[in-house]
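K.L.:
sequence? don't have it. structure:
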């Protein structure tokens, strides 16, 4: 297939007049007036960007990672409608048995995708957001599911599915955290989150392999000028990228701008942290073992704490462009190349020869017109 008449994001700039040829699941070449008898797709002047990569997402469309393989596959199909071409199915804190069921369910879903081909966003692995977190900043995590970090407990959870865990959130200040971080590295990327760590503890955790901050400013102490803690060290330390929930609820537009100004777009990762209620409307839902009430699109526990989000990744991009005033060329990369790179997926996120043909066509309002995964259209508006 050849895609023409697109405003194509190439690196840090938009280019017109170029065409892209897709051969199988890869981008074969870029050029002007490409020849050949390939099927042609006229983009109609739309933006052609790398497909989005969401590395922190619990659920979508009534389905949750904790519910097992079929739920994760349904999430995949729904996420494609939002331009998402890659995601990490994200677990929440739970006792060993339900945690193991979820992680192994993600692996089974990945096996189904490999056997049958992607019918939606590719499941690239699992993000374990817990159970190795600090109860003092558990947020919307089940207190009964918070466990002490140890290699033994980790292995009880992942079993033969350890090869699909790509990212793990951990509180570095709790006993056993250092040993577990060193145990899972280098195969698992590590994020600091749900933590009351001091700035010094966060700085030290970078030497254990921690390289990003889970949902920046949420699930951590507030920044204080005498004890900057997790958020202060995250802003000051170039070893860390920051995950941003750009729904304008978890983070004010000025807070998002602060993170962008302090870290630069190369260290800002757009995530949704979305739960099963996403795209479903207001009502009562479950997040793991916890009851959640969604009202006016905000997901909260009965006592009022935020409980994930109902954000979609395309809306996160639009919010960064239209409200936070980040250049579109950068906001698009904050939802594609940068998160993919953060978990070691450097075969995607860039429109270039040899890369995976995971692409999204966007209308002028940044809504998704078409999603392409591994060279095949999986969604059209």
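P.N.:
Yep, that arrived. All values reported here derive from a predicted model rather than from experimental measurement. Numbering: from 1, shown residues only.

K.L.:
same for the lowest-mean-pLDDT helix or strand in the chain, what does it pack against?
P.N.:
Ranked by mean pLDDT, DSSP states H and E, the helix or strand of the chain with the weakest confidence is strand 283-287, at a mean of 86. Counting contacts by 3 or more Cβ pairs under 8 Å, 6 or more residues apart in numbering; DSSP states H and E, strand 283-287 packs against strand 290-295. Glycine gets a C-beta too; all of them are placed from N, C-alpha and C.

K.L.:
mind redoing it with 10 Å?
P.N.:
Helices and strands touching strand 283-287, by 3 or more Cβ pairs under 10 Å, 6 or more residues apart in numbering; DSSP states H and E, are strand 59-60, strand 63-64, strand 290-295.

K.L.:
run through who's touching the longest one.
P.N.:
Contacting residues not belonging to strand 290-295 are listed as 92-93, 140-143, 145, 275-278, 280-286, 299-302, 304-310 [Cβ atoms under 10 Å, 6 or more residues apart in numbering].

K.L.:
switch the cut-off to 6 Å
P.N.:
Strand 290-295 has contacts (Cβ atoms under 6 Å, 6 or more residues apart in numbering) with 142, 277, 282, 283, 284, 285, 299, 300, 307.

K.L.:
what's the farthest-apart pair in those?
P.N.:
Spanning the widest gap among the contacts of strand 290-295 are 142 and 282, at 23.0 Å by Cβ to Cβ.

K.L.:
neighbour count winner among those two?
P.N.:
Per other Cβ atoms under 10 Å, whichever of residue 142 and residue 282 has more neighbours is residue 142, with 18 against 14.

K.L.:
relative to residue 95, how far out is that one?
P.N.:
As judged by Cβ to Cβ, to the nearest Å, residue 142 and residue 95 stand 9 Å apart.

K.L.:
and residue 61, by the same measure?
P.N.:
Distance of residue 61 to residue 95, given as Cβ to Cβ: 26 Å.

K.L.:
check residue 191 too.
P.N.:
Distance from residue 191 to residue 95, by Cβ to Cβ: 22 Å.

K.L.:
just the helices from the stretch 251-381 of the chain, written as ranges.
P.N.:
Listed in chain order, the helices of the stretch 251-381 of the chain (DSSP state H, counting those that start in this stretch) span 253-263, 313-322, 328-334, 337-342.

K.L.:
out of those helices, which is closest to residue 199?
P.N.:
helix 253-263 (14.4 Å).

K.L.:
which strands and helices lie in contact with the closest one?
P.N.:
Judged by 3 or more Cβ pairs under 6 Å, 6 or more residues apart in numbering; DSSP states H and E, the packing partners of helix 253-263 are strand 241-245.

K.L.:
parallel or antiparallel, which strands does the strand it packs on pair with?
P.N.:
Strand 241-245 has the following strand partners under DSSP bridges: strand 210-213 (parallel), strand 268-271 (parallel).

K.L.:
now the angle from it to helix 313-322?
P.N.:
Interaxial angle, strand 241-245 versus helix 313-322 (axes from the mean of the first three to the mean of the last three Cα atoms, to 10 degrees): 100 degrees.

K.L.:
and strand 241-245, average pLDDT?
P.N.:
Strand 241-245 carries an average pLDDT of 99.

K.L.:
what do you get for stretch 270-282?
P.N.:
94.

K.L.:
quick one: the host helix or strand of residue 3 to chain centroid distance?
P.N.:
Element membership of residue 3 [criterion: DSSP states H and E] is strand 2-4. Offset of strand 2-4 from its chain centre (Cα atoms, centre = their mean, to the nearest Å): 28 Å.

K.L.:
may I have the phi/psi pair for residue 252?
P.N.:
phi -70, psi 150 (degrees, to the nearest 10).

K.L.:
contacting residues for it?
P.N.:
Contacts of residue 252 by Cβ under 6 Å, 6+ apart: none found.

K.L.:
now residue 229
P.N.:
Residue 229 neighbours (Cβ under 6 Å, 6+ apart): 199, 221.

K.L.:
against residue 191, how distant is it?
P.N.:
Applying Cβ to Cβ to residue 229 and residue 191 gives a distance of 16 Å.

K.L.:
got it, and residue 250?
P.N.:
The gap separating residue 250 from residue 191 is 16 Å, by Cβ to Cβ.

K.L.:
ok, now residue 231?
P.N.:
Separation of residue 231 from residue 191 (Cβ to Cβ): 14 Å.

K.L.:
go ahead and confirm residue 87 touches residue 121.
P.N.:
Yes: counting by Cβ atoms under 6 Å, residue 121 is a contact partner of residue 87 at 5.2 Å.

K.L.:
hey, what's in contact with both of these two?
P.N.:
In terms of Cβ under 6 Å, 6+ apart, residue 87 and residue 121 are both contacted by the residues residue 79.

K.L.:
next, count neighbours for residue 80.
P.N.:
27.

K.L.:
distance of the closest residue to residue 328 other than its chain neighbours relative to residue 256?
P.N.:
Distances taken as Cβ to Cβ, 6 or more residues apart in numbering place residue 321 nearest to residue 328, at 5.0 Å, with adjacent residues excluded. As judged by Cβ to Cβ, residue 321 and residue 256 stand 11 Å apart.

K.L.:
the two - which one has more neighbours?
P.N.:
Per other Cβ under 10 Å, whichever of residue 321 and residue 256 has more neighbours is residue 256, with 27 against 18.

K.L.:
mind listing what that one touches?
P.N.:
By Cβ under 6 Å, 6+ apart, residue 256 lies in contact with 246, 324.
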